[in-house]
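Student: Dropping the sequence and predicted coords here.
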Amino acid sequence: HSFVVPDNNTETQSPYDAIVGMINYFALLGSLSILCYWIAWAGWIIAAERQVRRIRYALFRNILRQEIGWFDVHNAGELSNRLIRDLDTIKDGINDNMADLITLLARILSTLIYILVIGWKLTLVSLSLLPLMIIAFKMIIKTTVNYTSKEIQAFASASSIAQEVLQNIRTVTTFHGQAKEEERFAKNLIVAKNIGIKKALYVGIWLGLAYICAYVSHTLTFWYGSQLVRTDCTNYSAGIVMVVFMGCMYASSYTAYLTPNIQHFAEALTSGSYVIDIIDRQTKIDVSSDEGDKPENMIGDIEFNNVIFTYPARQETPILNKLSLKILSGKTVALVGASGCGKSTIIQLIQRFYDPDEGEILLDGKDIKTLNVSWLRSHIGIVSQEPVLFTGSIEDNIRFGKLNATDDEVQTAAKKANAHD
């Protein structure tokens, strides 16, 4: 027995030679497929790592540039959650999942084009429920986005509690507060768990609807296919019906494989919106800006003129109410009063951590709002009530206030602080 080979060659080949030739073609296609898969997956993963690194750096840089009032309403746990969890979620949305999405869409489109060519009537009937499937997937995206945003907020609250406890572990241990903090942390985890359960239930409902549409579509394909075999036998045979059915089944299965990708993209979209909002936020007091006056000579007279101030996190409670105060250069001034009366607030206003709601603060007769923020703070020396040590040596911590300090200056400062020996 012999047959004509696919390349329209008029010479005949034995079945064995033809099969060997087809095997060679498949081996070549397989090798090309492996190469293309490697390029696609490696390319998207590398791109995701690079993009997330840049986003993480831009996010951290803009967080550091914000005014202190912004940190009063955004706790450290929430911000660290943005830097870690949200950016990992974004990376999951743009790494190999993107390559997988492109591959699945290519398979779906190529399959649909092929079955439309060989049997467009039956294919259109099979696709009659496609609008319902699209609605179901749209609702999956909407549900995932809505509940993921709530889930992120719940996890951010839990992270802030954990970070607060760990930062103050000595105080927690001193007052035997472990049980109380465990309860606080557990409550926020329960909130996140309940949100996750609701998300899973609603996504499951819509995904079930999509599968129902797919199986009803298969049923319609067999029913209408049998009708076409009897009434339009010149164009439709049992073989064509089976090819269309298998094509629709493959397209449906590929569509189902899109669900995890869609969830990753929806979660990445939600996390990305929070991250981009922070990156795009313009700080009210920009220490990195070159704007503002930098006087060559400074006397150091400070004056508060009818200053009214409330903290951003407690706007219903005024701290300073029309405060007027003069502090002359070279004088020693002690601010004495009950806890919460505004002593530390006055110092922070001089440092321009905050701007007053009303009134003005003058340095040598100039409103400090007109001065360069970095220049102003570089001329202020301060010792906090609770000193903080950063990771590194004592020298690194001393040099933190003046990065270009000489070794002699560092040693002199250490001796004055009794930290040299």
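Tutor: Sure thing, it's come through.

Student: Kindly confirm my reading that Leu362 forms part of a helix.
Tutor: No - read with DSSP: H, G, I helix; E, B strand; the rest coil, Leu362 is strand and lies in no helix.

Student: and it, how many neighbours?
Tutor: 15 (other CB atoms under 10 Å). Yep, even glycine has a C-beta here, placed from its N, CA and C like the rest.

Student: Please list all residues in contact with the closest residue in space to it that isn't next to it in sequence.
Tutor: Closest residue in space to Leu362, ignoring its immediate chain neighbours: Glu303 at 4.3 Å, by CB to CB, 6 or more residues apart in numbering. Counting by CB atoms under 8 Å, 6 or more residues apart in numbering, Glu303 touches Leu325, Lys326, Ile327, Ile361, Leu362, Gly365.

Student: next helix or strand past the strand or helix carrying Glu303?
Tutor: Glu303 belongs to strand 302-310 when assigned by DSSP states H and E. Reading on from strand 302-310 to the C-terminus, the next helix or strand found by DSSP H and E is strand 318-327.

Student: what helices or strands is that following strand leaning on?
Tutor: Where contact means 3 or more CB pairs under 8 Å, 6 or more residues apart in numbering; DSSP states H and E, strand 318-327 is packed against strand 302-310, helix 343-350.

Student: which of the residues in it are buried?
Tutor: Residues of strand 318-327 classed as buried: Ile319, Leu320, Leu323 (neighbour count, 16 or more other CB atoms under 10 Å).

Student: residues contacting the last one?
Tutor: With contacts defined as CB under 8 Å, 6+ apart, the neighbours of Leu323 are Phe304, Asn306, Val307, Ile308, Phe309, Gly342, Ile346, Gly359.

Student: quick check, nearest of those residues to Ile394?
Tutor: Relative to Ile394, the closest of those is Ile346; by CB to CB it sits at 30.3 Å.

Student: The closest one and Asp364, how far apart?
Tutor: Going from Ile346 to Asp364 by CB to CB, to the nearest Å gives 18 Å.

Student: Show me which of the two is the more surrounded one.
Tutor: Legend: neighbour count by other CB under 10 Å for Ile346 and Asp364, higher for Ile346 (22 against 15).

Student: Show the pLDDT at the nearest residue to that one once chain neighbours are set aside.
Tutor: Leaving aside its chain neighbours, Ile346 sits nearest to Leu335 (6.2 Å; criterion: CB to CB, 6+ apart). Listed pLDDT for Leu335 reads 87.

Student: just checking, Gly69 touches Thr310?
Tutor: No - applying CB atoms under 8 Å, one finds Gly69 not in contact with Thr310, separated by 10.1 Å.

Student: rewinding a little: relative to Phe26, which of the helices and strands packed on strand 318-327 is closest?
Tutor: The closest of those to Phe26 is helix 343-350. By CB to CB, the value is 73.0 Å.

Student: Measure how that closest one sits relative to strand 318-327, angle-wise.
Tutor: Per axes from the mean of the first three to the mean of the last three CA atoms, to 10 degrees, the angle that helix 343-350 makes with strand 318-327 is 70 degrees.

Student: tell me which element Met98 is part of?
Tutor: helix 96-118.

Student: List the contacts of that helix.
Tutor: 40-41, 43-45, 48, 122-124, 126-127, 240, 243-244, 247-248, 250-251, 254-255, 257-258, 260-261, 264-265.

Student: so where's the longest helix in this structure?
Tutor: helix 178-231 (DSSP state H).

Student: Let's have the helices and strands packed on strand 318-327 in a markdown table, adding mean pLDDT and distance to Val216.
Tutor: Output for those, formatted as a markdown table (pLDDT from 0 to 100; distance: least, CB to CB, whole Å):
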| stretch | mean pLDDT | distance to Val216 |
| --- | --- | --- |
| strand 302-310 | 92 | 62 |
| helix 343-350 | 90 | 67 |
